[in-house]
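Chemist: Show me the folded form of this:
(one chain, ligands or ions: 2)
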Amino acid sequence: MTTPSPTRRLWIETVGCQMNVLDSELVVAALRRQGWELTGSPADADAVFYNTCSVRQHAEDKVWSALGRVRLEKQARPGMIVGVLGCMAQKDQELVRTRAPWVDLVVGPGQLHRVPGIVEEILAGGPPRIEVSLDRTAGSRDAVTRSFESYDPDRDPSMRPTPFQAFVRTQTGCDKFCAFCVVPRVRGPEQARPPAAILAEARKLVAEGCREITLIGQTVNSYKWTDGGRTTRLADLLHDLDAIDGIDRIKFVTNYPRDMTPELIGAVRDLPKVSQYLHVPAQHGSDAVLSRMKRGYTIGEYLEMHARISEELPRAAVTSDFIVGFCGETDAEFQTTVDLVDRLQFKNSFIFKYSPRPGTKAFDRQPDDVPEEVKKERHRVLLDAQTRASFAGNLPFIGTRQRVLVEGLSARDEKRAVDPGPDGIAQLTGRTTCDRIVVFEAPMRLVGRLIDVDITAAAAWSLSGSVADGLADAVPLPHFDLGSGNATGAGELHQIAAPPARQER
Ligand code: SAH
Ligand code: F3S
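Modeler: Residues are numbered from 1 along each chain as shown. Ligands and ions are numbered 1, 2, ... in the order given. So this is what the prediction gives:
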């Protein structure tokens, strides 16, 4: 492969979930191996990529406006490459071509391995390209599955927001087909990665200094791999990961309530490195709405699952997603969601206003009949309930000592663009094993390490305190360069350590 000279500059903006954050990391790493470097602004980029999300209209609108802005840039510098990657590329391939003909490449999430090759071809004068997977109704399950190729090339630690935390994919796609959700369409059929590949990737990440692995899948706890008569499930993966020397923390998102098995809860209980944190979206509090949403469980079943978690894992934080204003949602139905939040006291919840998505069952068969104003008001009311629950859940931490993985500057000091140097004191942030954000003053060299913090105050979305004497861990990171770990400087790569959303995502 030729290394172009001079260096070409890439700007990438990522919208959406952890899958997209990981995909961007991998695409950037692959392009870096071809001589590309990240740059801080589209204005001096030779290529501008948007890794897109289709889960809600709002996420798509952001990309359409960005494409409008980049058009001017492209008019000024016609040699610049513009790419639309990810879920919108899969869902709106033709629309992108007609509405934004200045886009050079449109590549769906199942075809990302092609990006480096396509970029080279375009640079060599080739025509614009669309590379997407088959629509779910366009062929046999096998053919559609084959067209969504898992994209898990070699990692590049310098491409992550922090080198000591990494996402590892357990599976791609989703087969649950919730009535509101576009993910099964744009991310394709559920496909598990072989356990050996997942574990090998984790070992490699650990050898590079990674201490926290977050397994990601649309329904990560549905993970199932059968080979030679032996079935591996998520609980088995957690056992194997827990045994790897050098890993300190293991998390996994997102869980599907029906697949929260006793074995999995037992693994979280028994394995010391697995975080006491379970993201298990309930989506709604009413059986009638859950049925219209085709979620596949009742509130009774969710409560039973939650009770098992509380019994086995009394220290665990449970978090949820909720949709307000789904088709036909009455005041009384909405109230059941508020009641559920009041009753179960989730650590935090992501709250979304229903956004109809073409290509979903709800879009085809159920009118989006809750007015926007009502959706907004319900969002506010539910957020208030969740804020009360989050604050109440944080209060008992005051006066306790918590082990914290230090992640970096707090949002406050990040905004102030503080650069205190390795020994300078800054306001830092990290997370407890139950995923609570902790803010404290400490020297920058503690970033990437496990420390103990004495909690002195609590707010709804964070705890604060002071560093206890002595480090909780014996081993510092092998090579943590404060300057190189931040892939967020270029474009808007999401932080792995994003605070819990208080607003709509
Ligand atoms: N299993 C996935 C879910 C992806 S979508 C995961 O890994 O998180 C994330 C959340 O967006 C869902 O849990 C749901 O609460 C919300 N959501 C999905 N489709 C939506 C829609 N059409 N309108 C509003 N919110 C939606
Ligand atoms: Fe979406 Fe439901 Fe799958 S929310 S990602 S279809 S479990």
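Chemist: where's residue 82, which helix or strand?
Modeler: Counting by DSSP states H and E, the secondary-structure element that holds residue 82 is strand 81-86.
Chemist: any idea how far that strand is from the chain center?
Modeler: Distance, stretch centre to chain centre, for strand 81-86: 20 Å (CA atoms, centre = their mean, to the nearest Å).
Chemist: Give me the next element, helix or strand, following it.
Modeler: helix 87-91.
Chemist: other SSEs contacting that next one?
Modeler: strand 47-52, helix 183-187 (3 or more CB pairs under 8 Å, 6 or more residues apart in numbering; DSSP states H and E). The C-beta positions use only the backbone N, C-alpha and C, and glycine is treated the same way.
Chemist: who wins for proximity to ligand 2 among the ones you listed?
Modeler: Smallest distance to ligand 2 across the helices and strands packed on helix 87-91 (CB to the nearest ligand atom): 3.6 Å, for helix 183-187.
Chemist: helices or strands up against that closest one?
Modeler: Counting by 3+ CB pairs under 8 Å, 6+ apart, helix 183-187 packs on helix 87-91.
Chemist: Can you mark which positions in the helix or strand that comes right after the helix it packs on are buried?
Modeler: Remark: after helix 87-91, the chain's next helix or strand is helix 93-99, criterion DSSP H and E. Within helix 93-99, the residues that count as buried by 16 or more other CB atoms under 10 Å are 93, 96.
Chemist: partners of the helix or strand following helix 93-99, with directions?
Modeler: Using DSSP H and E, the helix or strand that follows helix 93-99 towards the C-terminus is strand 105-107. As defined by DSSP bridges, the strand partners of strand 105-107 come to strand 81-86 (parallel), strand 129-131 (parallel).
Chemist: just those strands: most buried one?
Modeler: strand 81-86 (a mean of 25; mean count of other CB atoms under 10 Å).
Chemist: and that strand, anywhere near ligand 1?
Modeler: No - shown here: strand 81-86 not in contact with ligand 1 (CB under 6 Å from any ligand atom), separated by at least 13.2 Å.
Chemist: now could you export just the CA positions of that strand as CSV?
Modeler: Extracted as CSV, the C-alpha positions of strand 81-86 are listed here (Å, rounded to 0.1, in the frame of the first residue of the first chain):
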residue,chain,number,x,y,z
ILE,A,81,-13.8,14.2,-0.5
VAL,A,82,-17.1,14.2,1.3
GLY,A,83,-18.4,10.9,2.8
VAL,A,84,-21.6,9.8,4.4
LEU,A,85,-21.0,6.6,6.4
GLY,A,86,-23.2,4.5,8.7
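Chemist: quick one: average confidence on that strand?
Modeler: Average pLDDT, strand 81-86: 97.
Chemist: okay, the angle between that strand and strand 47-52?
Modeler: Interaxial angle of strand 81-86 relative to strand 47-52 (axes from the mean of the first three to the mean of the last three CA atoms, to 10 degrees): 20 degrees.
Chemist: Let the chain start at 665 from now.
Modeler: With the count now opening at 665, the last piece we talked about shows up as strand 745-750.
Chemist: contacts for strand 745-750?
Modeler: Strand 745-750 is contacted from outside by 679-680, 684, 687, 691, 710-717, 727, 731, 734, 738, 760, 764, 766-773, 776, 779, 783, 786-787, using CB atoms under 8 Å, 6 or more residues apart in numbering.
Chemist: Check these one by one and keep those near ligand 2.
Modeler: Of those, not one also sits near ligand 2 (CB under 6 Å from any ligand atom).
Chemist: Is it possible to mark the buried ones in those residues?
Modeler: Buried, going by 16+ other CB under 10 Å: 679-680, 684, 687, 691, 710-717, 727, 731, 734, 738, 760, 764, 766-773, 776, 779, 783, 786-787, out of the contacts of strand 745-750.
Chemist: Poorly predicted segments of the stretch 865-1014 of the chain, please.
Modeler: Within the stretch 865-1014 of the chain, no stretch has pLDDT under 70.
Chemist: Go again with 90.
Modeler: 872 (pLDDT under 90).
Chemist: Quick check: residues of it near ligand 2?
Modeler: 882-883, 920.
Chemist: how does it look with 5 Å?
Modeler: Proximity of the stretch 865-1014 of the chain to ligand 2 (CB under 5 Å from any ligand atom) is limited to residues 882-883.
Chemist: What residues does the stretch 865-1014 of the chain have near ligand 1?
Modeler: Contacts of the stretch 865-1014 of the chain with ligand 1, taken as CB under 5 Å from any ligand atom, map to 882, 918, 945, 985, 987.
Chemist: how about the nearest residue to the second one, chain neighbours excluded?
Modeler: Spelled out, that is residue 918. Leaving out its chain neighbours, the residue that sits closest to residue 918 by CB to CB, 6 or more residues apart in numbering is residue 943, at 5.3 Å.
Chemist: do the same with the third one
Modeler: Nearest residue to residue 945 in three dimensions, chain neighbours excluded: residue 985, at 3.6 Å (CB to CB, 6+ apart).
Chemist: Show me how far the host helix or strand of the one you found is from its chain's centre.
Modeler: Per DSSP H and E: residue 985 is located in strand 981-988. Centroid displacement of strand 981-988 relative to its chain, using CA atoms, centre = their mean, is 15 Å.
Chemist: for stretch 838-851, same thing?
Modeler: Using CA atoms, centre = their mean, the offset of stretch 838-851 from its chain centre is 16 Å.
Chemist: try stretch 851-860
Modeler: That offset, for stretch 851-860, works out to 17 Å (CA atoms, centre = their mean).
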